[in-house]
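Asks: Task: produce atomic coordinates for the following.
(one chain, ligands or ions: 1)
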Amino acid sequence: MQNSYKRVDAHLSSLGYCTRSEAKKFLSKNLVCINGVRVFDVKEKAYHSDIIVDGERLDDERLVILMNKPSGLICSHDDAGVLIYSLLPQRWQRRNPKISSIGRLDADTTGAILLTDDGELNHKFTSPKSDVVKVYEATLAESLRGDEAEIFASGALMLRGEKKPLLPAKMEIIEPTLARLEICEGRYHQVKRMFGAVGNRVVALHRVRFGEYSVDGLEPSEYKIINLS
Ligand code: URA
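Replies: Numbers count the residues shown, from 1 in each chain. Model (predicted):
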């Protein structure tokens, strides 16, 4: 658990309570206490854990969030459209560093996505060395042929434009046009391209689980804080 020691205005601005220039006003309007003593001086230094704002502890210094992404929202801060971050509380949206998704889901993909403001953690999960398992349910335009599981498990499937074959993946037929697919890579549009490579087309894609984090119990657009030790 992080517990940094810095100026109170730095704590408040990095956690999105106010900007650095608004901090003086924030301290006059809100009851901000360090170890039980009200503070008015923005330069006062304190540990994160010793600061109370209007009777509440400060938000955690590192946030990790599991969201059940709804269809139509966008993960990339750089793309146009409604972003998944707009579902979060305003204060979290003002945090610096920004909250970003760990990897991406396409706008029309739903389901499990982790969000964090911890760059190192984000890198750990998205680096090519990461072998986190992602489980998808893909609804398909055509009935499955029956040979897809073997092709995906072979470790020999080459996607167009790629230099290396895909790592073996596990596929299960749930219904003639519904498959459950487990992959441990995160290549661009990977699931859609895999089914494209076997002559099919994904018409709806839902990520059931990212690593150990499943969206069971979370309605679309709902999210919860994950406590990583
Ligand atoms: N694979 C895809 O094709 N799209 C996603 O959003 C995720 C995995």
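
Asks: For Ser4, list the residues it contacts.
Replies: By CB atoms under 8 Å, 6 or more residues apart in numbering, Ser4 lies in contact with His11, Tyr47, His48, Glu61. Placement of C-beta: from N, CA and C, glycine included.

Asks: How about Ile225?
Replies: So Ile225 contacts Asp60, Leu63, Val64, Ile65 (CB under 8 Å, 6+ apart).

Asks: The protein - how does it break down into domains?
Replies: Annotated domains of the chain cover 5-57, 64-126+218-225, 134-210 [automatic domain parsing].

Asks: Now for Pro176, how many residues are close by?
Replies: Using other CB atoms under 10 Å, Pro176 has 11 neighbouring residues.

Asks: Isn't it up against Gly146?
Replies: No: between Pro176 and Gly146 there is no contact under CB atoms under 8 Å: 10.0 Å.

Asks: hang on, the earlier thing: now for the contacts of Ser4, which pair is the farthest apart?
Replies: The span of the contacts of Ser4, defined through CB to CB, is set by Tyr47 and Glu61 at 10.4 Å.

Asks: shared neighbours of those two, anything?
Replies: The overlap between the contact sets of Tyr47 and Glu61 (CB under 8 Å, 6+ apart) consists of Asn3, Ser4.

Asks: just to revisit the earlier point, may I see the domains of the chain organised as CSV, with mean pLDDT added?
Replies: Shown next, in CSV, are the domains of the chain (pLDDT from 0 to 100):
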stretch, mean pLDDT
domain 5-57, 98
domain 64-126+218-225, 97
domain 134-210, 97
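
Asks: quick revisit: for Tyr47 and Glu61, indicate the residue with more neighbours.
Replies: Between Tyr47 and Glu61, Glu61 has the larger neighbour count (other CB under 10 Å), namely 17 against 13.

Asks: wait, doesn't Leu178 sit right on Tyr136?
Replies: No: the criterion here is CB under 8 Å, and Leu178 misses it with Tyr136 at 10.9 Å.

Asks: if you count what's nearby, which of those two comes out ahead?
Replies: More crowded of Leu178 and Tyr136, by other CB under 10 Å: Tyr136, with 25 against 14.

Asks: May I have the secondary structure class of the more buried one?
Replies: Counting by DSSP: H, G, I helix; E, B strand; the rest coil, the backbone at Tyr136 sits in strand.

Asks: Quickly list what it is bridged to.
Replies: Beta-bridge pairing for Tyr136 (DSSP bridges): Leu181, Arg207.

Asks: How much space separates it from Asn227?
Replies: 26 Å (CB to CB, to the nearest Å).

Asks: Local confidence estimate at Ser229?
Replies: Per-residue pLDDT puts Ser229 at 67.

Asks: Go ahead and list the helix or strand containing the closest residue to Ile34 other than its chain neighbours.
Replies: Closest residue to Ile34 apart from its sequence neighbours, by CB to CB, 6 or more residues apart in numbering: Ala46 at 4.4 Å. Assigned by DSSP states H and E, Ala46 belongs to strand 45-47.

Asks: Toward the C-terminus, what is the element adjacent to that strand?
Replies: Immediately after strand 45-47, counting by DSSP H and E, sits strand 51-53.

Asks: Phi, psi for the nearest residue to Asn96 once chain neighbours are set aside please.
Replies: Counting by CB to CB, 6+ apart, Asn96 lies nearest to Ser14, which is 5.2 Å off, once chain neighbours are set aside. In terms of degrees, to the nearest 10, the main-chain angles of Ser14 are phi -70, psi -30.
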